[in-house]
Every structure is written in structure tokens, then in C-alpha cells.
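Enquirer: Output the structure for:
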Amino acid sequence: MEASTRRPRRHDPDRRDRIIDAALAIIAERGVAGVSHRAVARAADVPLGSTTYHFTSLDDLLAEAFTRHADSIAGVFEERMAAAPDRSAAVESVAEHISGDLLDANRDLVLSVELYVAAARKPALRAVTQAWMRRSRQALEHHFDPGTARELDALIEGLVLHSALSTDPMTPAQVRAALHRFLP
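Expert: Residues are numbered from 1 along each chain as shown. Okay, here's the model as predicted:
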């Protein structure tokens, strides 16, 4: 192609973000196995070389994408917990987080489950889940002691996974009852 017919490169400061968003969309639609440099470049509408320019590997791209997802979920949870004026309100906030933020948001739920599975195989992604769990526990520690916060964080994950994968998921009332049984 002659220089005169080439399309000029345009300044594209959002390219990296679009690549990450495209990776998340592919993961939500096809799973981690559906992520390739070519698929992400196509979905982000960027040249193929952009994915390798901005990310050293697919694992690097997956870590960035899952970090964005985890940061989004953690941010909502931190806001909920910070807004709770006392322990009773905190328990209600946890119940709303599980039933509303996590279980009602199918895309986020699928992304979370994909992250759990991928993190079981890839240590770099395990670091993402560890950071997410640390943030969740810190948010819970505004109202609960560290031991209880850790156990409650595990209970939250278990309730979400159990409900997400069940053909008979727990209702919001059942989620609240489980939390109140655990936190008398």
C-alpha cells in the first residue's frame, strides 16, 4: 500500500481500555477459552498488534481484565459497607450485595465464576482473587472482627456460587436467614 493511500494513525488514548473491555465482553460471552489476541482485537476494533503492544501476554491481558472486574465489584461493596451505620445495617448490606449486586447481575456473575476457575489454574490470576478478597475483608472489618470478616467473606462467596449454580437458587429471604444464622 502506498503511503498516500494509507489511513493515518490517529491518537487513540482509550485503546488500552477498549481492549480490556473487549476481553471482558468475550469472557462473559464465551469464557476465558474464547479469549485470543485476534478475538480481542476484533471486538475492540483495534489492529491485532495493539493487543501485544499493550499487554505482554494473554495472561497479562486476562489479569488486567479480571482486575478491572474485581475492582468494580469491590468498589460497590466497599461503598455499601461504609454506608452501613451499624452491624445490623451491615448484615442487611451484605444480603443486598449478594442478592442484588452479585446474583442479579448475570454478566458480573459469569465473569466472577470465570475468574474463580481461571485462578485455580493460573497463579497470576490467583493474585487478583487474593487482592479482591483482601478488599472485601477490609470492608467487612468496618463492622466485624477480622476472623468473622474472613469467615463471612467465605460465606458470601459460597452463597453466591451455590445460588448461581443451583437449579433451585436461594431466595433473598433465604440468603438473609443464612447470614443471620451465621451472625447471631
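Enquirer: you'd agree Val94 is up against Phe182?
Expert: No. The pair Val94 and Phe182 does not pass the contact test of C-beta atoms under 8 Å, sitting 10.0 Å apart. (Glycine included, C-beta is placed from N, CA and C.)
Enquirer: Residues that sit against both of the two, list them.
Expert: Leu152 (C-beta atoms under 8 Å, 6 or more residues apart in numbering).
Enquirer: Comparing those two, which residue is more hemmed in?
Expert: Val94 (28 against 14; other C-beta atoms under 10 Å).
Enquirer: Contact partners for that one?
Expert: If you count contacts by C-beta under 8 Å, 6+ apart, then Val94 has 80-81, 140, 152, 156, 179 around it.
Enquirer: cool, Met170 as well?
Expert: With the criterion set at C-beta under 8 Å, 6+ apart, Met170 makes contact with 159, 162-163, 178.
Enquirer: Kindly give a single ChimeraX line that selects the buried subset of these.
Expert: The buried residues among those can be selected in ChimeraX (16 or more other C-beta atoms under 10 Å) with this line:
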select :159,163,178
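Enquirer: ok, the contacts of Met170 vs Arg87, which is closest?
Expert: Ala178 (16.5 Å; C-beta to C-beta).
Enquirer: Give me the nearest residue to the closest one, chain neighbours excluded.
Expert: In space, and not counting its chain neighbours, Ala178 is closest to Leu159: 6.3 Å by C-beta to C-beta, 6 or more residues apart in numbering.
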